[in-house]
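Undergrad: structure, please.
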Amino acid sequence: MTQTVDEGVANPAKTYRLLATLQASQYVPINFIHLALVAILRDRGASLSQLAALNAAALLLAVKFLWAPLLDRYGARRGHFRSWLLVLQPVMALGLAALLPIDPVDDFGLLLLIVLLVVQTAAMQDVAGDALAVRTLRHGDRGFGSGMRLAGGYFGHVVGGGLSLLVYSRWGWQAAVLVVALITLVPLWQLASYHEEERGPRAQHQSISTLLAVFREPAVRRWTFVLLPLSWIGATSGYSLVTPMLVDADWSPDRIAVVVGMAGSVLGVAGAVLGGFLTRRLGRSQVLALSCGGQAVALAAFLPLGAGFAPVPLTVAVLSFFAATYAAASVAVNTILMDLTRRQFAASDFTILTSLASLVTLAGGALSIAIAEHTGYQPVLLVAVGLVLVATAVNLRQPDPVYRWGVPSVHATSEVLPTGRRTS
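TA: As a prediction, the model looks like this:
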């Protein structure tokens, strides 16, 4: 059967604002914990083993897919994922508020327990926010919606990892924690008045075979195991060398933090918004191809840095350009993964697919650093440029994913039932 393209939600602007705020409210506490709190603890005399234990809390983010089926199956009849978010947001803020009366070093054991609670809640909030986007945004809105979400994430990075440190340096521990906790509560006002439109059936029965049934669709296998890894591996392999190259070029840690963290995030916001706009106008594959081409230019411009030549203006310009193109590529990738997700398993499918993408990113970064130790930076950068150029050429010829999960489309559709069987 042939259906018409679903053009958009009834009030897309309200949905965009909510999704951006939710993403920011997740990244503010996460970056406060794993960037600002590390600096605060070290400033107060914490040991490296304590900092390592704090960083280990991030492992909870890597297993968030374990909670996704729970969020798919249970939820209020009116506003399935909204009901989860209305609980998770205040729990996250209350967890942060529990840090106010404690001394972060003297009460480190208690701090670590609270941090684990906050990180786990943030991981579940991330799953619920992803699923809300999948089930609420229609085909025409997904590109710009993904861009707004990513922009919110960059904003959360700046506030949680940078602004909170400035507040700490001026007004102390309690002020920094209070600011982060209050920002985490901001989405509650939007959620209270937001109407979540239910589209498609709710998951009733979930087994391992049912959840893995998403990979029976050829488009899912092609994108998640071939096209997206090809698109990511070159960019992440090259970019992972930036910080070691800057250290070898005698940049101070403070300068690296400002340039890589703050400047990159600001341009990332611009790249995310532009990527969302172009994704709707040009299509997912075309924006991914253009972004890969831009990354190839940026990675080639890193070659002098690999030889120790790192003038500040040029380095800032190249890093900013890479951040913008990487953000645009991330928008296209997230939009594609939303397209490949079954609506009745919105939380489970999207979390599994994004986890695979994250695995490729981490593996590419680790492998490139290990190889660079033996070959030097420049050969690895040249290989990364070649991989990104291949990804550019492949994506230019690749059509956008065909909708196969009962989503309105100009293509024939089929629906995968909760049992994993397909009807057409």
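Undergrad: my guess is Val158 contacts Val266. True?
TA: Yes: applying C-beta atoms under 8 Å, one finds Val158 in contact with Val266, separated by 7.2 Å. C-beta coordinates here come from the backbone N, C-alpha and C atoms, glycine included.
Undergrad: which one's more surrounded, these two?
TA: Val158 (21 against 16; other C-beta atoms under 10 Å).
Undergrad: chain neighbours aside, what residue packs nearest to that one?
TA: Nearest non-adjacent residue to Val158, counting by C-beta to C-beta, 6 or more residues apart in numbering: Ser265, 4.8 Å away.
Undergrad: okay, now the one you found: neighbour count?
TA: 22.
Undergrad: contacts only, for it.
TA: 154-155, 157-158, 323 (C-beta atoms under 8 Å, 6 or more residues apart in numbering).
Undergrad: 7 Å instead?
TA: Contact analysis of Ser265 by C-beta atoms under 7 Å, 6 or more residues apart in numbering lists 154, 157-158.
Undergrad: before we move on, what about Leu278?
TA: Contact analysis of Leu278 by C-beta under 7 Å, 6+ apart lists Val287.
Undergrad: and the average pLDDT for the helix or strand harbouring it is what?
TA: Per DSSP states H and E: Leu278 is located in helix 264-282. Averaged across helix 264-282, the pLDDT comes to 84.
Undergrad: what are the buried residues along it?
TA: Neighbour-count burial for helix 264-282, counted by 16 or more other C-beta atoms under 10 Å, picks out 264-280, 282.
Undergrad: same question for stretch 123-142.
TA: Buried-residue list, stretch 123-142, by 16+ other C-beta under 10 Å: 123-139, 141-142.
Undergrad: for the stretch 251-400 of the chain, give me the ranges with low pLDDT.
TA: 253-254, 257, 261-263, 362 (pLDDT under 70).
Undergrad: can you give me the helices in it?
TA: Shown for the stretch 251-400 of the chain, the helices assigned by DSSP state H, counting those that start in this stretch span residues 253-256, 264-282, 284-301, 303-306, 312-339, 346-375, 377-396.
Undergrad: how about those, which one is nearest Ser146?
TA: helix 312-339 (4.3 Å; C-beta to C-beta).
Undergrad: mind giving me the packing neighbours of that closest one?
TA: Other elements packing on helix 312-339 under the criterion 3 or more C-beta pairs under 7 Å, 6 or more residues apart in numbering; DSSP states H and E are helix 142-158, helix 228-239, helix 264-282, helix 284-301, helix 346-375.
Undergrad: could I get these as JSON lines with distance to Trp251?
TA: Output for the helices and strands packed on helix 312-339, formatted as JSON lines (distance: least, C-beta to C-beta, whole Å):
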{"stretch": "helix 142-158", "distance to Trp251": "20"}
{"stretch": "helix 228-239", "distance to Trp251": "16"}
{"stretch": "helix 264-282", "distance to Trp251": "14"}
{"stretch": "helix 284-301", "distance to Trp251": "17"}
{"stretch": "helix 346-375", "distance to Trp251": "17"}
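Undergrad: so which of these is the most packed in?
TA: With neighbours taken as mean count of other C-beta atoms under 10 Å, these reach their highest mean count in helix 142-158, at a mean of 26.
Undergrad: quick one: mean pLDDT for that one?
TA: Per-residue pLDDT over helix 142-158 has a mean of 84.
Undergrad: thanks a lot, catch you later.
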